[in-house]
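Q: kindly return the folded structure for what I paste below:
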Amino acid sequence: MVIFLGWVLSSRFFALGVAQPLAQVIKFMINHFFENNKIFLFTKFPFSITLLSNYHHSILLMQIAQPQFLEQLNGIIEQHNLLKHPFYQMWNEGKLTLAMLQEYAQEYYLQVHNFPTYVSATHAACDDIKIRQMLLENLIEEERGTAHHPELWLRFAEGLGVDRQAVLKRQHLDKTRESVRILKDLARSEEPAQGLAALYAYESQVPEVATTKIAGLQQFYNIDSENVLSFFKVHEKADEFHSQATREALLELCQTEEQKQQALSAAETAACALNLLLDGVYEAYCQDR
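A: Model prediction:
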């Protein structure tokens, strides 16, 4: 890893190139740069070039200072990666029948319909105005206008040949309802880091999941309509930003070991809940078929 630091002190600009272990770099920065200086940080650590404003200053420094927390967080989510689930593996291999996809589309709508409420509940629990603004932007994207995200999912279901009224009146499986209940409870926690961790467990996986779903639908099911694929194409891009912003917010909030452990536990609970919905669909419609 190479970190380049530059700082402004009075009217002079200095630059330094460092190629050292992370702990030495952090110690060097603390000892030489952080008092009465404005810092610019350019890094090949897994983050983009950033000018450290007051808010992002603390976030990015914590990203450097907390690699173990991020590693644990991402590791937990990877253990329960949705693309490892048998249902999505069948999707990516073209082994799902149209009837199986239709059942899935009707079940998963309950998750799509409720996702904005996870965002709004986490927003309500959070005192930090900048994090609340980030969540508000996320919520607006979810529900604004006639092409809101639940509507985009209904268009996907219709593209599979399912009547939207059938989706709206669906009597959902027990595991689908339990999945939603768990995620609602996390979002309603008095500790906003738990709601944020649950959002991150979902949004960090969505771009890759959306990409593979699009590819599978196009390759195996001859579904290529923009109208039908719009839900996945929107999330393929939008959740790259949302997951990064949520990750930064988690680093801002999780400053103690207790807070980190709560966030890690919430992320695992959320990741398992997302798989639970797929378990129900797979068991009800895909096994022994």
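
Q: switch to C-alpha atoms for all contacts and neighbour counts from now on
A: OK.

Q: which stretches of the stretch 1-150 of the chain form helices?
A: 22-32, 54-65, 67-79, 86-92, 98-125, 129-143, 149-159 (DSSP state H, counting those that start in this stretch).

Q: check those for me and report the most buried one.
A: Highest mean neighbour count of the helices of the stretch 1-150 of the chain: helix 149-159, a mean of 21 (counted as mean count of other C-alpha atoms under 10 Å).

Q: pLDDT score for D288?
A: Note on D288: pLDDT of 71.

Q: that one: what secondary structure?
A: Here D288 is recorded as coil under DSSP: H, G, I helix; E, B strand; the rest coil.

Q: residues near it, how many?
A: Per other C-alpha atoms under 10 Å, the neighbour tally for D288 reads 6.

Q: what of G161?
A: Neighbours of G161 (other C-alpha under 10 Å): 13.

Q: right, and it touches Q102 too?
A: Yes - G161 lies in contact with Q102 (C-alpha atoms under 8 Å); the separation is 7.5 Å.

Q: rewinding a little: K237 is nearest to which of the helices of the stretch 1-150 of the chain?
A: Among the helices of the stretch 1-150 of the chain, helix 129-143 comes nearest to K237, with 12.4 Å by C-alpha to C-alpha.

Q: tell me what that closest one is packed against?
A: Helix 129-143 sits against helix 98-125, helix 149-159, helix 226-253, with contacts defined as 3 or more C-alpha pairs under 8 Å, 6 or more residues apart in numbering; DSSP states H and E.

Q: how far is the second one from where the chain is centred?
A: Computed by C-alpha atoms, centre = their mean, to the nearest Å, the chain-centroid distance of helix 149-159 equals 21 Å.

Q: also stretch 166-174?
A: With C-alpha atoms, centre = their mean, you get 25 Å for stretch 166-174.

Q: can I get it in PDB, CA atoms only?
A: Taking Å, rounded to 0.1, in the frame of the first residue of the first chain, the C-alpha atoms of stretch 166-174 are listed here in PDB:
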ATOM      1  CA  ALA A 166     -51.800 -10.900  -7.900                       C
ATOM      2  CA  VAL A 167     -48.600  -9.400  -6.600                       C
ATOM      3  CA  LEU A 168     -50.400  -6.800  -4.400                       C
ATOM      4  CA  LYS A 169     -52.900  -9.300  -3.000                       C
ATOM      5  CA  ARG A 170     -50.300 -12.100  -2.400                       C
ATOM      6  CA  GLN A 171     -50.500 -14.200   0.700                       C
ATOM      7  CA  HIS A 172     -46.800 -14.400   1.500                       C
ATOM      8  CA  LEU A 173     -44.900 -17.400   2.800                       C
ATOM      9  CA  ASP A 174     -44.100 -17.400   6.500                       C
END
